[in-house]
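Participant: Need a 3D model of the following:
(one chain, ligands or ions: 2)
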Amino acid sequence: TSSSSLRHFVSIKDLSDEEFKILVQRAQHFKNIFKANKTNDFQSNHLKLLGKTVALIFTKRSTRTRISTEGAAAFFGAQPMFLGKEDIQLGVNESFYDTTKVVSSMVSCIFARVNRHEDIQALCKDSSVPIINSLCDKFHPLQAVCDLLTIIENFDISLDSLNKGGNSKLKVAWIGDANNVINDMSIACLKLGLSVSIATPPGIEMDSEIVNEANVIAERNGATFELTHDSLKASTGASILVTDTFVSMGEEFAKQAKLKQFEGFQINKELTAVADPNFKFMHCLPRHNEEVSDDVFYGEHSIVFEEAENRLYAAMSAIDVFVTNKGDFMHLK
Ligand code: CP
Ligand code: NVA
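Facilitator: Ligands and ions are numbered 1, 2, ... in the order given. Model prediction:
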């Protein structure tokens, strides 16, 4: 099978603003159906992958991504197959190329959680079915779909009436590292016209390709995009405060050095005091105390657990659009 016409889901930056909006809308649509438990709807419309399989090639741990993907597969009638690094020959006994050819010959799509962005690109090149990036060092698109669903719900934003500059007063402040989650989240926020301010410790800079793209989208949608090393500045007036672990999977060897580098970057009373009084706190999880204090993480402004639940609907949307509909946003069934 030729893979040239396949549409994979690697990053939010590969989507048009409209396409991203549709993915978030579909996630909301499936959430409504799932919550209402409309069983007739389930049967007539949603068992679109009955008898098929969904592969999860995961070389790293996962709670949310695994559960949401397996749940979404089940929702559409497909059988998920979790292929962890202890389960298959990949990496020990078999090459990436051979594994990709074999797995993709038997499944409807591959959700892949790998270390390097280059591994995702290799999968996309050699797979005969859609690849859904389930976290690499550079991107985490499923998290971004979930996060923007969570934001539009909490701030009552209608996706039907997005107008240039209309959401730019909503500032999303990221206090933390500069890698996968914020790369896709910043592009995602700007695509919906929200403003973004990112505070990283000195010595940690955003990827220049993302910065260039973010600036273009911000300009187009009347929003602002700011980079700083001052966490108070980023947090000032923010409607959403968000962070991620300071030590990503695969970086454990550098833990002590990173924790030192991030001293003073914890989201706590000091930072929330300068945010908008109605701010919300978000975190993709898993969470540790060094990046956010307990009073914020478990406090009344925190929406982290509904955010986590929304991963399920983001996975449903991704399967529906990229697998059932083969990435054809123009003719979604
Ligand atoms: N947020 C997220 O991707 O969590 P997991 O690593 O548990 O999948
Ligand atoms: N930045 C984190 C995200 C985990 C969901 C990591 O890469 O480990």
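Participant: from here on, contacts and neighbour counts on C-alpha atoms
Facilitator: Will do.
Participant: Is ligand 2 within reach of whichever helix or strand residue 148 is part of?
Facilitator: Element membership of residue 148, judged by DSSP states H and E, is helix 141-154. No: applying CA under 6 Å from any ligand atom, one finds helix 141-154 separated from ligand 2 by no less than 8.0 Å.
Participant: And that helix, what does it pack against?
Facilitator: Applying 3 or more CA pairs under 8 Å, 6 or more residues apart in numbering; DSSP states H and E, one finds that helix 141-154 makes contact with helix 17-36, helix 180-191, helix 304-318.
Participant: Tell me the first helix or strand C-terminal of it.
Facilitator: strand 171-175.
Participant: That following strand near ligand 2 anywhere?
Facilitator: No: with CA under 6 Å from any ligand atom as the criterion, ligand 2 is not reached by strand 171-175; the gap is at least 12.7 Å.
Participant: rewinding a little: ligand 1 is nearest to which of the helices and strands packed on helix 141-154?
Facilitator: Nearest to ligand 1 among these is helix 304-318; the distance by CA to the nearest ligand atom comes to 7.2 Å.
Participant: which outside residues touch the closest one?
Facilitator: With CA atoms under 8 Å, 6 or more residues apart in numbering as the test, helix 304-318 has contacts from 9, 23-24, 26-28, 30-31, 64-65, 67-69, 71-73, 75, 132, 142-143, 145-147, 149-150, 281-285, 297.
Participant: For the stretch 201-333 of the chain, which residues are neighbours of ligand 1?
Facilitator: Neighbours of ligand 1 within the stretch 201-333 of the chain, by CA under 6 Å from any ligand atom: 284-286.
Participant: Same check on the stretch 51-200 of the chain?
Facilitator: For the stretch 51-200 of the chain, the contact set with ligand 1 under CA under 6 Å from any ligand atom comprises 62-66.
Participant: re earlier: in PyMOL, how would I select the buried members of the contacts of helix 304-318?
Facilitator: Here is the PyMOL command that selects the buried residues among the contacts of helix 304-318 (16 or more other CA atoms under 10 Å):
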select buried, resi 9+23+24+26+27+28+30+31+64+65+68+69+71+72+73+75+132+142+143+145+146+147+149+150+281+282+283+284+297
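Participant: if we can go back for a sec, adding pLDDT, distance to ligand 2 and secondary structure, write the residues of the stretch 51-200 of the chain next to ligand 1 out as CSV.
Facilitator: Listed next are those as CSV, based on pLDDT from 0 to 100; distance: CA to the nearest ligand atom, whole Å; DSSP: H, G, I helix; E, B strand; the rest coil:
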residue, pLDDT, distance to ligand 2, secondary structure
62, 98, 8, coil
63, 98, 9, coil
64, 98, 8, helix
65, 98, 8, helix
66, 98, 11, helix
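Participant: Return the member of those nearest to residue 329.
Facilitator: Of all these, residue 329 sits closest to residue 65, with 23.4 Å by CA to CA.
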